[in-house]
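Novice: Build me a model from this:
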Amino acid sequence: MTKHHYSTPRRLQKGASLLEGIAYLGIAAIVVIGAIALLNTAFSSANSNELNSELSAIQTASRKLFMTTQGNYGAADFTATLISAKGFPQTLSTTDTTVSNAWGGAVTVAPDATTNTEFDITYTAVPVDVCVNALTSTTTGWISVTGPGDNTPYPPPISPATAKTACGTTAGKVIWISN
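Specialist: Predicted structure coming up:
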């Protein structure tokens, strides 16, 4: 009889080595960070688009509310009246007397301080990126816009450089003036 030499079978490696695991986690982290950056950009753009849509709806509702007075907006804040008239879009949070925007800031509508033939729509706590995008998207249907950066009223159209100056470096109050 011949003797067979059987070699001991090698154990096959199962799973990943430590280096492979670290490389996998590193690549996954890069993908997640990239996805978060893209989401932040997308949300910023969506928020500024939503803000512009809200402004248009509020402007139209305000004009409609005072249509019979031929643009005389009186002397008092009419936010609560607009709430009663359902003049605010459903994207804004409302109570019986207050309106809040997506960033938790107040939204008010009142006659302009200098004249009762114009009115101000004020948003507070507007992030800088949304402010810049909203100001550059403001059309000629507005008299002016004032941002938190320099408190200067700018007539539309507003350039990106001017919007950057108007919005400053921190979230703040933006005022749109309409007639």
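Novice: neighbours around P127, how many?
Specialist: Applying other CB atoms under 10 Å, we find 18 residues neighbouring P127. In short, each C-beta sits where N, CA and C put it, glycine included.
Novice: Chain neighbours aside, what residue packs nearest to it?
Specialist: A171 (4.9 Å; CB to CB, 6 or more residues apart in numbering).
Novice: what bits of this protein have low per-residue confidence?
Specialist: Applying pLDDT under 70 to the chain flags the ranges 1-16, 37-45.
Novice: Work out which residue lies at the spatial centre of it.
Specialist: The chain has N47 as the residue nearest its centroid, 3.1 Å off, counting by CA atoms, centre = their mean.
Novice: quick check, L55 in a helix?
Specialist: Yes - counting by DSSP: H, G, I helix; E, B strand; the rest coil, one finds L55 located in a helix.
Novice: Surely L92 and G104 touch.
Specialist: No - using CB atoms under 8 Å, L92 makes no contact with G104, being 11.5 Å away.
Novice: Between these two, which has more neighbouring residues?
Specialist: Legend: neighbour count by other CB under 10 Å for L92 and G104, higher for L92 (17 against 9).
Novice: Where do the strands of the chain begin and end?
Specialist: Secondary structure of the chain, counting by DSSP state E: strands at 93-94, 99-100, 107-111, 119-126, 144-146, 153-154, 172-178.
Novice: Same list, these, but as CSV with mean neighbour count and distance to G26 please.
Specialist: Converted to CSV, the strands of the chain look like this (neighbours: other CB atoms under 10 Å; distance: least, CB to CB, whole Å):
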stretch, mean neighbour count, distance to G26
strand 93-94, 16, 41
strand 99-100, 20, 41
strand 107-111, 21, 44
strand 119-126, 22, 37
strand 144-146, 21, 45
strand 153-154, 16, 46
strand 172-178, 21, 39
